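K.L.:
Let me see the structure of the following:
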Amino acid sequence: MGAGLYTLVGLASTAAGVWVPLAFLIGGVVTVFSVYSYAKLGACYPSRGGAAQFLIRCFGDGVIAGGLNVFQFLGWIIAMALYCAGFAGYVRALLPWHTPDWSAKAIGIGLIVTVVVVNLIGSKFVGRSELFVVTIELAILAAFVVFGLTKADPGRFAVSGGDGWLGVLFAAGLLYVTYEGFGVVTNSAGGMRNPAKELPRAMFGALGIVIVVYILVSSVVVMTMSLPAIAANQGHVLSDAARHILGRVGFVVIGVAALLATASGVNATMFGDANLAYMVAKSGELPKDFARGVWRGGTGGLLIAAAITVIFVLFFPLAAVGQMASLAFLLVYGTVSVGHLRVCRETGARPWVLVLAVVLNLALFLLLLGYMIHTGPASTPITLLAVLVGSFVFEAVYRKRTGRSLVLESASAP
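P.N.:
Purely as a prediction, here's the structure:
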């Protein structure tokens, strides 16, 4: 259940207008093909490393897999910065007094520290906390939809706004990050009794539920608020929609759900990123410090990921990290499907489905990138490009310093 539901609906509406639910549907359809690719890979190569191991299997132990793994590690950090920004926005909206702008950064950093402590306790505690949070969140969203439909005005879908069909597609690209959780699920495959059956069921089942929830919730928002009101309350639009439905009580309840969701998003992503860093360090693609033990089985990568997340929280606003996160995951998940084509005989995947995954991810990536360049500050795409290039430069330099082979690609998976 992506925290982007609470943080990006308002931003997406500036491009898609009242058709934000359609943008969620398109993003979900694109995700289906990537989930298919990841589910097949996870069932065939179950491990804690998830996509990190997939890239090594697909491209071999070289600069391509290594650079993409470093970029993936940083992509999840950008996503955590997005969730921290959303968490801070809802905290400030719920407080009964005015808070200065700098408090948003302090709140985001406080969340990171809390999540690090949760992850240091152990993976079982992470799993239990996620189950608890998602159960409460689903109950609150179900009530929001039921009460919202009683006051909804379907006529609002006839209101013009946004950038037409292109705007809907731009919004679909932006909202892609709300589905990125499926990449984290594969990190649990190594702990499943029967990943070949359990992993695909978990991933497709979760995706189906999430798509339905996103469409219903965003539809209620559109049918209860005007587009100017949605745009004006981008940081906490779901709470404002609940205010229209149930008054102050609705505002607070949805605000609490948003806090749980964004905190849960940071928690789950931090867990997955620490596991990814651990496995990548074990394979020699990152320094050994990333695999250093911390307290009860945690990794040094957990603390390093937290420190880098703090940097993104300090220097980038919600809109920038939201766009960068979606672009990063579109690129990584599309690239994994490219590599999957090389080992599809081993995994039993259908090549045409993988090709569709690549094409659809690339199409949304290019559309969103073009939209960012056209409407936003140049610093956002430049920063993402710097992160991408820096990932490969780091990997190449690190391999050279450690004496590991600078293999660009391998014809066979190890």
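K.L.:
mind checking which helix or strand the nearest residue to Phe394 once chain neighbours are set aside is in?
P.N.:
Nearest non-adjacent residue to Phe394, counting by C-beta to C-beta, 6 or more residues apart in numbering: Val70, 5.8 Å away. (Each C-beta comes from the backbone N, C-alpha and C, glycine too.) Here Val70 sits within helix 63-94, counting by DSSP states H and E.
K.L.:
which other helices and strands contact that helix?
P.N.:
When contacts are defined as 3 or more C-beta pairs under 8 Å, 6 or more residues apart in numbering; DSSP states H and E, helix 63-94 packs onto helix 4-7, helix 51-59, helix 102-121, helix 237-246, helix 248-282, helix 300-315, helix 318-347, helix 379-402.
K.L.:
Just put the ones you listed in CSV and tack on mean pLDDT and mean neighbour count.
P.N.:
Supplementary listing: the helices and strands packed on helix 63-94 in CSV, determined by pLDDT from 0 to 100; neighbours: other C-beta atoms under 10 Å:
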stretch, mean pLDDT, mean neighbour count
helix 4-7, 81, 30
helix 51-59, 82, 27
helix 102-121, 84, 18
helix 237-246, 88, 24
helix 248-282, 79, 24
helix 300-315, 82, 20
helix 318-347, 87, 23
helix 379-402, 86, 16
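K.L.:
quick one: which of the ones you listed is nearest Ala172?
P.N.:
Among the helices and strands packed on helix 63-94, helix 318-347 comes nearest to Ala172, with 9.5 Å by C-beta to C-beta.
K.L.:
So for stretch 195-215, what gets flagged as buried?
P.N.:
Buried residues in stretch 195-215, counted by 16 or more other C-beta atoms under 10 Å: 195, 198-200, 202-203, 206-207, 210-211, 213-215.
K.L.:
again, but for stretch 345-363
P.N.:
Thr347, Ala349, Val353, Leu354, Leu356, Ala357, Val358, Leu360, Asn361, Leu362, Ala363.
K.L.:
coming back round to it: could you dump the helices and strands packed on helix 63-94 into JSON lines and include distance to Tyr38?
P.N.:
Below are the helices and strands packed on helix 63-94 laid out as JSON lines (distance: least, C-beta to C-beta, whole Å):
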{"stretch": "helix 4-7", "distance to Tyr38": "19"}
{"stretch": "helix 51-59", "distance to Tyr38": "7"}
{"stretch": "helix 102-121", "distance to Tyr38": "22"}
{"stretch": "helix 237-246", "distance to Tyr38": "28"}
{"stretch": "helix 248-282", "distance to Tyr38": "12"}
{"stretch": "helix 300-315", "distance to Tyr38": "21"}
{"stretch": "helix 318-347", "distance to Tyr38": "7"}
{"stretch": "helix 379-402", "distance to Tyr38": "20"}
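K.L.:
Tell me the confidence at Phe290?
P.N.:
In this model, Phe290 is scored at 60, pLDDT.
K.L.:
Ok, Ala189 next?
P.N.:
In this model, Ala189 is scored at 68, pLDDT.
K.L.:
quick one, what contacts the closest residue to Pro351 other than its chain neighbours?
P.N.:
Leaving aside its chain neighbours, Pro351 sits nearest to Cys344 (5.5 Å; criterion: C-beta to C-beta, 6+ apart). Taking C-beta atoms under 8 Å, 6 or more residues apart in numbering, we find Cys344 in contact with Lys40, Arg350, Pro351, Leu354.
K.L.:
With Tyr38 instead?
P.N.:
With contact taken as C-beta under 8 Å, 6+ apart, Tyr38 is in contact with Gly50, Ala51, Phe54, Phe182, Gly183, Val185, Thr186, Met203, Tyr333, Val336.
K.L.:
related to what we said a few turns ago, next, format the buried residues of stretch 345-363 as CSV and append secondary structure.
P.N.:
Compiled in CSV, the buried residues of stretch 345-363 are given as follows (DSSP: H, G, I helix; E, B strand; the rest coil):
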residue, secondary structure
Thr347, helix
Ala349, coil
Val353, helix
Leu354, helix
Leu356, helix
Ala357, helix
Val358, helix
Leu360, helix
Asn361, helix
Leu362, helix
Ala363, helix
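K.L.:
ok, those vs Gly265, which is closest?
P.N.:
Comparing the buried residues of stretch 345-363 against Gly265 with C-beta to C-beta picks out Asn361 as the nearest, at 21.1 Å.
K.L.:
who's in contact with that closest one?
P.N.:
Counting by C-beta under 8 Å, 6+ apart, Asn361 makes contact with Val30, Ser34, Leu330, Leu331, Tyr333, Gly334, Ser337.
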